[in-house]
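Peer 1: I'll drop the sequence and a predicted model, then ask my questions.
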Amino acid sequence: MKITLTGSLGNITKPLAEILVAKGHEVKIISSNPNRAEAIKALGAIPLIGSVADTTFLTAAFTGADAIYTMVPPDFSAPQFKAYISETGKNYAAAIQQSGVKKVVNLSSVGADLPDGTGPIAGLHQVENTFAQLDGVAIKHLRAGYFFINFLANIDMVKHANILGSNFGADAKLVLVHPRHIAKVAAETLESELSGKSVLYVANDDQSTPADVAKALGTAVGKPELPWVTFSDEDAFNGMTGAGLPEEIAKNYVEMGDAIRSNRLFVDYYKNRPVLGSTSLQDFAAEFAAAYNN
């Protein structure tokens, strides 16, 4: 197959490309960074350098593809984060329509069934709605859980404050996923027959709580008593902005944390639970420890 991927050499797109190239598919990878071109070629893929804001470029990139994988690359400089996500979805939709591509696998998120109150995920809700208007195109939205690797951003917190935490409680429900599992599911979906518009949830662990995460990660780095601390929204916001996140991005992540705290985020997931991937919290704890000790 001829398959075009968005997402440059990100945590999902890179292993996805590796899987597809190994299976003999012709893979093209969109990246905004010309410095990634040689690394993309080294994977056995074809680099397409351009912007997801450029529908003419996207149309050319999608033309002739048997299937495409779409994801909205994070842009922390966006003045309105949700609007940026939604607008990128519109750019993709225009290019899909103009290119004639008929099969799309789109990275979405747990909670994308909800129209608002979910931070950046509300932007992905809008992307799903935009794609729903594409006639004659088969689309599968992969609604992924909370990435295990998000906790890598908390290494300094664990090292220097001896805590792990966010603005949701130690006993909150979590749905966790590893990007490598998303890549595996995306590859299988791109190779499969698709029809209509549908959703597939993607997860590795839907039983562990934040307290369990703190225990597993703490134990892996020699701090078995590491506590999960529940921050106020204000403290969470100040912590993120103090660590360098723009206020707009921090505001959105605080809102997402509120949705986790209220258990709103995962209601539809539990009505449509998938077969879980094999990577466990303990597996990720070893990965966390390797990064922590590096």
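Peer 2: Noted; the coordinates are in hand. Numbering: from 1, shown residues only.
Peer 1: every contact and neighbour count from this point should use C-alpha atoms.
Peer 2: OK.
Peer 1: the strands in the stretch 51-200 of the chain, which residues?
Peer 2: For the stretch 51-200 of the chain, applying DSSP state E, counting those that start in this stretch gives strands covering 67-70, 103-109, 138-144, 146-147, 164-166, 176-177, 197-202.
Peer 1: so which of those gets nearest residue 19?
Peer 2: The closest of these to residue 19 is strand 67-70. By CA to CA, the value is 13.4 Å.
Peer 1: so which of the strands of the stretch 51-200 of the chain is nearest residue 1?
Peer 2: Of all the strands of the stretch 51-200 of the chain, it is strand 67-70 that lies closest to residue 1, at 7.8 Å by CA to CA.
Peer 1: who are the packing partners of the closest one?
Peer 2: Counting contacts by 3 or more CA pairs under 8 Å, 6 or more residues apart in numbering; DSSP states H and E, strand 67-70 is packed against strand 2-5, strand 103-109, helix 179-191.
Peer 1: can you lay out the strands of the stretch 51-200 of the chain as CSV showing distance to residue 275?
Peer 2: CSV is the format used below for those (distance: least, CA to CA, whole Å):
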stretch, distance to residue 275
strand 67-70, 21
strand 103-109, 16
strand 138-144, 13
strand 146-147, 16
strand 164-166, 28
strand 176-177, 12
strand 197-202, 8
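Peer 1: residue 240: which of the helices and strands packed on strand 67-70 is closest?
Peer 2: Comparing the helices and strands packed on strand 67-70 under CA to CA, the one sitting nearest is strand 103-109, at 21.6 Å.
Peer 1: what bridges to residue 104?
Peer 2: residue 68, residue 139 (DSSP bridges).
Peer 1: so which of the helices and strands packed on strand 67-70 gets nearest residue 143?
Peer 2: Nearest of the helices and strands packed on strand 67-70 (CA to CA): strand 103-109, 3.9 Å.
Peer 1: gap between the closest one and the chain center?
Peer 2: Averaging C-alpha positions (CA atoms, centre = their mean, to the nearest Å) puts strand 103-109 11 Å from its chain's average.
Peer 1: for that strand, buried residues please.
Peer 2: Neighbour-count burial for strand 103-109, counted by 16 or more other CA atoms under 10 Å, picks out 103, 104, 105, 106, 107, 108, 109.
Peer 1: so where's the stretch 101-250 of the chain uncertain?
Peer 2: Scanning the stretch 101-250 of the chain for pLDDT under 70 picks out no residues.
Peer 1: most packed of the strands of the stretch 51-200 of the chain?
Peer 2: When the strands of the stretch 51-200 of the chain are scored by mean count of other CA atoms under 10 Å, the highest mean neighbour count falls to strand 176-177 (a mean of 26).
Peer 1: ok, back up a step: pipe the helices and strands packed on strand 67-70 into TSV and attach distance to residue 53 per row.
Peer 2: Shown next, in TSV, are the helices and strands packed on strand 67-70 (distance: least, CA to CA, whole Å):
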stretch	distance to residue 53
strand 2-5	15
strand 103-109	17
helix 179-191	23
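Peer 1: who wins for proximity to residue 126 among these?
Peer 2: strand 103-109 (10.3 Å).
Peer 1: re earlier: dump the buried residues of strand 103-109 to a markdown table, plus distance to residue 164.
Peer 2: As requested, those are exported to a markdown table (distance: CA to CA, whole Å):
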| residue | distance to residue 164 |
| --- | --- |
| 103 | 41 |
| 104 | 37 |
| 105 | 34 |
| 106 | 31 |
| 107 | 28 |
| 108 | 26 |
| 109 | 23 |
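Peer 1: tell me which of these is nearest to residue 86?
Peer 2: Relative to residue 86, the closest of these is residue 108; by CA to CA it sits at 11.8 Å.
Peer 1: quick one: that closest one from residue 273, how far?
Peer 2: For residue 108, the distance to residue 273 (CA to CA, to the nearest Å) stands at 15 Å.
Peer 1: what of residue 68?
Peer 2: 25 Å.
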